[in-house]
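> missing the sequence, but the structure's below:
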Ligand SMILES: COc1ccc2cc(-c3cnc(C(=O)NCC(=O)O)c(O)c3)ccc2c1
Ligand SMILES: [Mn+2]
């Protein structure tokens with residue numbers, strides 16, 4: 001019966017998220033990085049990709065440019081990605097919303113098992129496009145100054161991507177490690193890594209358009225302190 005099938009489907013999904021959560025926790029504790037391939041499957045991945053392309057083609061994305069102010073006028077471009085923030089309820093973003101819920105479902109299975117961090121919230125989803133050709137994004141740390149972000153979660157949407165030809169590899173330089181993690185932004189790939197100084201990383205120049213959707217998960221304690229500090233600084237003297 002359809003209801004029984006739905007129950008069966010949901011229990012399979014539940015146990016898959018349980019298994020994925022275990023894997024993510026183990027990888028983060030061991031390497032600080034975790035890659036899951038074939039996260040949502042071809043059909044769902046393609047429907048998310050079509051929504052992202054629509055955002056790009058209807059000029060919903062703006063330059064995330066973070067110009068290096070210290071260079072003044074001859075500002076050196078650090079990155080040339082286009083971005084837009086979505087919470088998933090916008091029209092034409094229902095598949096992006098499904099992705100965000102799927103990311104949340106895995107993180108929910110991790111949060112009790114992660115040592116020294118309690119995940120209690122997240123940012124909206126940042127839909128990013130590195131337009132080919134692009135300079136990529138110079139080496140940086142997502143959260144260098146304790147703004148509350150604990151885990152970076154990136155979903156890649158690039159079909160038939162060959163980094164030897166197309167570039168766009170994400171290099172992560174885990175501190176205390178001599179090895180570099182080279183992650184190709186391939187279709188339906190999900191990546192987690194600690195957002196703080198443990199994981200400096202950079203996006204190599206890309207020859208063609210490169211799409212990704214990123215969500216940052218907050219650590220409850222660090223986020224509370226960051227918000228308190230921010231509001232403290234906002235109070236008139
Ligand atoms: C204040 O407004 C903003 C707006 C957008 C922002 C975007 C980033 C960001 C950080 N990291 C990456 C990255 O590492 N991508 C790795 C990959 O795509 O494989 C990336 O693409 C984008 C950081 C700060 C921002 C601040
Ligand atoms: Mn980053």
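Perfect, thanks for sending it. Since this is a predicted model, take the numbers as computed values, not measurements. Ligands and ions are numbered 1, 2, ... in the order given.
> which helices and strands sit right next to the lengthiest helix in the chain?
Counting by DSSP state H, the longest helix found in the chain is helix 2-30. Packed against helix 2-30 by the contact rule (3 or more CB pairs under 8 Å, 6 or more residues apart in numbering; DSSP states H and E) you find strand 33-36, helix 94-110, strand 189-194. Heads up, the C-betas are built off the backbone N, CA and C, glycines and all.
> could you pull out the buried residues of the next helix or strand after the first one?
For strand 33-36, the succeeding helix or strand toward the C-terminus, using DSSP states H and E, is helix 42-57. Going by neighbour count (16 or more other CB atoms under 10 Å), the buried part of helix 42-57 is 45-46, 48-49, 51-52, 55-56.
> in the longest helix of the chain, what counts as buried?
Residues of helix 2-30 classed as buried by neighbour count (16+ other CB under 10 Å): 17, 20-21, 23-25, 27-28.
> the helix-or-strand element of the chain with minimal mean pLDDT pairs with which strands, parallel or anti?
For the chain, using mean pLDDT, DSSP states H and E, the weakest element among its helices and strands is strand 62-63, scoring a mean of 87. Counting by DSSP bridges, the strands paired with strand 62-63 are strand 82-86 (antiparallel).
> direction included, what does the longest strand along the chain pair against?
Criterion DSSP state E: the longest strand present in the chain is strand 210-219. Paired strands of strand 210-219, with direction, are strand 119-122 (antiparallel), strand 125-130 (antiparallel), strand 149-156 (antiparallel) (DSSP bridges).
> contacts for the longest one next, please.
So that's strand 149-156. 28, 39, 48, 99, 103, 107, 117, 119, 123, 142-143, 170, 185-196, 199, 211-219, 222-223 (CB atoms under 8 Å, 6 or more residues apart in numbering).
> count the residues that sit near the residue nearest to residue 175 when sequence neighbours are not counted.
In space, and not counting its chain neighbours, residue 175 is closest to residue 198: 5.4 Å by CB to CB, 6 or more residues apart in numbering. Number of residues near residue 198 (other CB atoms under 10 Å) recorded here: 16.
> in which helix or strand would I find residue 198?
Counting by DSSP H and E, residue 198 is found in no helix or strand.
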